[in-house]
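Student: Need coordinates for the following:
(chains A and B)
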Amino acid sequence: NAGVTQTPKFRILKIGQSMTLQCTQDMNHNYMYWYRQDPGMGLKLIYYSVGAGITDKGEVPNGYNVSRSTTEDFPLRLELAAPSQTSVYFCASSYYWSHGYQETQYFGPGTRLLVL
Amino acid sequence: RKEVEQDPGPFNVPEGATVAFNCTYSNSASQSFFWYRQDCRKEPKLLMSVYSSGNEDGRFTAQLNRASQYISLLIRDSKLSDSATYLCVVKQTGANNLFFGTGTRLTVIP
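Tutor: Residues are numbered from 1 along each chain as shown, chains lettered A, B, ... in the order given. Below you'll find the model as predicted:
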């Protein structure tokens, strides 16, 4: 199993440009998440998904969009890049059992984004 | 008030030392607790879950005090390879996501 993979590893964007951060997991996890981590700060949840076709906002969703058309993929879209979106972005996935138990989250290696 | 608060450190300790990290959480409805480890420029990885009765995994011991809403991690006989940032993580009842502390940075010195 590759686990959670993310592309690209690093990207520089100009203000106003758009891009999609890709995330794929091969563990058949139903839950997937996008976090951002700023220097010296904890991870902040951007969006999450509890299954294909279902997404919901996290703590800091403004400026981002997501979709979940398959169990495996959960891309994150930045439409109009701003310097405030300079950060490291982590995708994660986990399995949530119907009886309420959620397994640990597995993280991808991250995408470093610089907006100039 | 932050959901999860940690002392950011840094903690600089010699090899072989014992070091303890503390964490407090604000929501009494929190149900699951974890310590994650994050190496420099890497993703967080689960170190251990924290159970109500306390639990141990080799040199690592985790404790939970629900009354005080307090979690701790004790590392005995520190190794150079323990140098990392340790993240306190909490899951609230009914929530679909985890809440992360800002992390405590540990450097083990030869």
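Student: Next, count neighbours for A:Val88.
Tutor: Residues within reach of A:Val88, counting by other Cβ atoms under 10 Å in any protein chain shown, total 18. The C-beta positions use only the backbone N, C-alpha and C, and glycine is treated the same way.
Student: same check, this time on B:Met48
Tutor: 19.
Student: likewise the one 5 residues further on?
Tutor: Residue neighbour count, defined by other Cβ under 10 Å, stands at 7 for B:Ser53.
Student: where's it relative to B:Ala67, distance?
Tutor: 14 Å (Cβ to Cβ, to the nearest Å).
Student: try A:Val115
Tutor: For A:Val115, the distance to B:Ala67 - Cβ to Cβ - is 45 Å.
Student: pLDDT below threshold where in chain B?
Tutor: Low-confidence segments of chain B (pLDDT under 70): none present.
Student: Return the residues of it in contact with chain A.
Tutor: Contact residues (Cβ under 8 Å from any Cβ of the partner chain) of chain B with chain A: B:4, B:8, B:32, B:34, B:42-46, B:49, B:87, B:91, B:96-98, B:100-103.
Student: Show me which of those are buried.
Tutor: B:4, B:32, B:34, B:43-44, B:46, B:87, B:91, B:96-98, B:100-103 (16 or more other Cβ atoms under 10 Å in any protein chain shown).
Student: okay, A:Val115 and B:Ala67: which has more neighbours?
Tutor: Legend: neighbour count by other Cβ under 10 Å for A:Val115 and B:Ala67, higher for A:Val115 (19 against 6).
Student: What sits closest to the residue nearest in space to the middle of chain A if chain neighbours are left out?
Tutor: Compute the mean C-alpha point of chain A, and by Cα atoms, centre = their mean the closest residue is A:Trp34, 2.5 Å away. With sequence-adjacent residues excluded and distances taken as Cβ to Cβ, 6 or more residues apart in numbering or on different chains, A:Trp34 is closest to A:Ile46, at 4.4 Å.
Student: burial of B:Arg66, as a residue count?
Tutor: Neighbours around B:Arg66, by other Cβ under 10 Å: 12.
Student: same thing with A:Gln85?
Tutor: Neighbours around A:Gln85, by other Cβ under 10 Å: 19.
Student: close enough to count as contact, it and A:Gly63?
Tutor: Yes: using Cβ atoms under 8 Å, A:Gln85 is in contact with A:Gly63, at 6.0 Å.
Student: Between the two, which contacts overlap?
Tutor: A:Leu78 (Cβ atoms under 8 Å, 6 or more residues apart in numbering or on different chains).
Student: now stretch A:49-65, how far from the centre of its chain.
Tutor: Offset of stretch A:49-65 from its chain centre (Cα atoms, centre = their mean, to the nearest Å): 9 Å.
Student: Is chain B within reach of that stretch?
Tutor: Yes: contact of stretch A:49-65 with chain B (Cβ under 8 Å from any Cβ) involves A:50, A:56, A:58.
Student: Neighbouring strands of the strand or helix carrying the first one in the sheet, and parallel or not?
Tutor: In this structure, A:Val50 is located in strand A:43-51 according to DSSP states H and E. Taking DSSP bridges as the criterion, strand A:43-51 forms sheet pairs with strand A:31-37 (antiparallel), strand A:54-57 (antiparallel).
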